[in-house]
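Visitor: Return atomic coordinates for the entry below.
(one chain, ligands or ions: 2)
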Amino acid sequence: MDKMTLNYPHVPLRGTLDVPGDKSISHRAVMFGGIAKGRTTVSGFLPGEDCLRTIECFRLLGAEISRDGTDLVIDSPGIGSWKEPEDILYTGNSGTTTRLMLGILAGSGVHSVLAGDESIAHRPMKRVTGPLRQMGADIRGREGAQYTPISVLGGPLQPIDYEMPVASAQVKSAILFASMRADGTSVIREKEVSRDHTERMMRNFGMEVGTGNGVITLRGGQDLVPAHVDVPGDISSAAFFLAAGAMVADSDVVLRNVGLNPTRTGMIDVLEEMGADFTVDEADSDDSELRGTVTMRSSALKAVEIGGELIPRLIDEIPVIALLATQASGTTVVRDAEELRVKETDRIAAVAEELNKLGADITPTEDGMIINGPTKLSGAVLDSRGDHRIGMMAAVASLVTDGPLELQGPGCIAISYPEFFGHLESLRGE
Ligand SMILES: O=C(O)C1=C[C@@H](OP(=O)(O)O)[C@@H](O)[C@H](O)C1
Ligand SMILES: C=C(OP(=O)(O)O)C(=O)O
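Guide: Ligands and ions are numbered 1, 2, ... in the order given. The predicted structure follows:
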């Protein structure tokens, strides 16, 4: 297994970073570009492993995808003229690819089989295959289509009126993609609003979609007009350096091009409540996805309570927020976050067990964790468990440990942030 020794505690972080492209938006740009007939171009695309899996799926379906300088160019015959893939659609470690492709393929004209890595094979899929079957989709898979491998025989679909049982943009987006091909108008009702990149991108590609008060309405059969997508930086990647800048003494970090879609900025709200010293400057843009520069300086931090509607707005940031809480004074409580148990790893167990090896005081609960701070952290051997966000949390933890930290399995970080270690070194002045 790959491993590395991180031995740079307590050095102030200083400098400016351009945050790499948003993973959720990069996936969706390829998906809309692959569905629409004609040429779609994408700037700021994230070349992370998960997004590359999405590209490979669309190549097998007959889209030509190439690079033109820094832009990604997608030439597609359109969903109506896809070819039947000659191989399985391999989704790797990517839940977003797996779940959204299910919704897209359900209303296509092809037969396909989806499978991913060992982590994907244990992530629940019935949350998607259930409503898709209600729409008439022909889907088969392991344990009643709960787990991959899953096969989809694309065909005609009926519209659905669906109340979301979990706050999940992946479930919502899969149903929206299927609804695009359904014969009639579908309605999706969310109790807690999840990231809305799919809805925004539908408008980008010339579609009409109704949104407001947690209700999304979409008429099936609309034409897509290929478009240009300008992907903002990923706030979920920026989160690691926002946390590092806030907790490593004497730091001053400028993060440019951070995506500021309000359905994603829960961490900004939490940093404010913790007493972090930062400014946000929104950039002028006529794009539907807000973006801007965040400047973070280190300061004393205090504990927070995190739960309810905030959770979907910061779900992927909870590992690094937990690390931050180990350096804040007081007891931080995270609740309503049981979804963390079905991510790439069980992130409640992984965060508590790994950070406690450094001397943190974290008690896992059914739906979150209780973190007592501040605690002094000391170097130890941590394991990413193949989960990119746990790997990056551990690497950022090494900035505040006494003594070196050995990280086992750092390679998975390329899933969402291939430039992570280069960026970390540049902030340390190397
Ligand atoms: O739609 C998306 O792009 C994502 C939605 C979230 O998952 P859920 O929909 O399972 O909450 C998030 O954790 C994941 O990293 C990306
Ligand atoms: C949960 C994540 O991604 P996915 O569900 O696409 O694997 C993540 O990036 O933290």
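Visitor: Point out where the stretch 301-430 of the chain drops to low pLDDT.
Guide: Scanning the stretch 301-430 of the chain for pLDDT under 70 picks out no residues.
Visitor: show me the contacts for Val225.
Guide: By CB atoms under 8 Å, 6 or more residues apart in numbering, the residues touching Val225 are Ala36, Gly38, Phe205, Gly206. C-beta: built from backbone N, CA, C; applies to glycine.
Visitor: Could you pull up phi and psi at it?
Guide: phi -110, psi 120 (degrees, to the nearest 10).
Visitor: where does it land on pLDDT?
Guide: The score at Val225 is 98. That number is its pLDDT.
Visitor: And stretch 325-336, end to end?
Guide: 17 Å (CA to CA, to the nearest Å).
Visitor: which other residues reach it?
Guide: Residues outside stretch 325-336 that contact it (CB under 8 Å, 6+ apart) are 247, 274, 300-308, 311, 318, 321-322, 355, 360-362, 365, 367-375, 377, 400.
Visitor: Derive a PyMOL selection command for the buried subset of those residues.
Guide: To isolate the buried ones among those in PyMOL, judged by 16 or more other CB atoms under 10 Å, type:
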select buried, resi 247+274+301+302+303+304+306+311+318+321+322+355+360+361+362+367+368+369+370+371+372+373+374+375+377+400
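Visitor: gap between the two ends of stretch 398-409?
Guide: First-to-last residue span, stretch 398-409, CA to CA: 15 Å.
Visitor: Show me the contact partners of it.
Guide: 1-11, 13, 244, 247-248, 327, 358, 376-386, 391, 394-395, 397.
Visitor: How about the residues of the stretch 201-350 of the chain by ligand 1?
Guide: Ile315, Asp316, Glu339 (CB under 6 Å from any ligand atom).
Visitor: Counting neighbours, what do you get for the last one?
Guide: Counted with other CB atoms under 10 Å, residues neighbouring Glu339 total 17.
Visitor: Next up, the contacts around the closest residue to it other than its chain neighbours.
Guide: Nearest non-adjacent residue to Glu339, counting by CB to CB, 6 or more residues apart in numbering: Ile315, 6.2 Å away. Residues in contact with Ile315 (CB under 8 Å, 6+ apart) are Ala337, Glu339, Leu340.
Visitor: Out of those residues, which comes closest to Pro77?
Guide: Nearest to Pro77 among the contacts of Ile315, counting by CB to CB, is Glu339 at 36.6 Å.
Visitor: my read: the closest one touches Ser168, true?
Guide: Yes - counting by CB atoms under 8 Å, Glu339 touches Ser168, with 7.3 Å between them.
Visitor: Check the secondary structure at Pro159 for me.
Guide: At Pro159 the chain is in coil, as set by DSSP: H, G, I helix; E, B strand; the rest coil.
Visitor: and it, what is it in contact with?
Guide: Met135, Ser179, Ala182, Asp183, Gly184, Thr185, Ser186, Gly220.
Visitor: Neighbours of the residue in the stretch 301-430 of the chain that ligand 2 sits nearest to, how many?
Guide: The minimum distance from the stretch 301-430 of the chain to ligand 2, using CB to the nearest ligand atom, falls at Asp316 (4.0 Å). Look at Asp316: counted by other CB under 10 Å, it has 24 neighbours.
Visitor: and the residues of the stretch 201-350 of the chain next to ligand 1, which of them are in helices?
Guide: If you go by DSSP state H, those have nothing in helices.
Visitor: what's the burial count for the closest residue to Leu324 other than its chain neighbours?
Guide: Sequence neighbours aside, Ala243 is the residue nearest to Leu324 in space, at 4.8 Å (criterion: CB to CB, 6+ apart). By other CB under 10 Å, 29 other residues sit near Ala243.
Visitor: Which strand or helix spans Ala243?
Guide: helix 235-247 (DSSP states H and E).
Visitor: residues of the next helix or strand after that helix that come out buried?
Guide: Using DSSP H and E, the helix or strand that follows helix 235-247 in sequence is strand 252-259. For strand 252-259, burial by neighbour count (16+ other CB under 10 Å) applies to Asp252, Val253, Val254, Leu255, Arg256, Asn257, Val258, Gly259.
Visitor: Are strand 252-259 and ligand 2 in contact anywhere?
Guide: No - contact of strand 252-259 with ligand 2 (CB under 6 Å from any ligand atom) is absent, the minimum separation being 13.9 Å.
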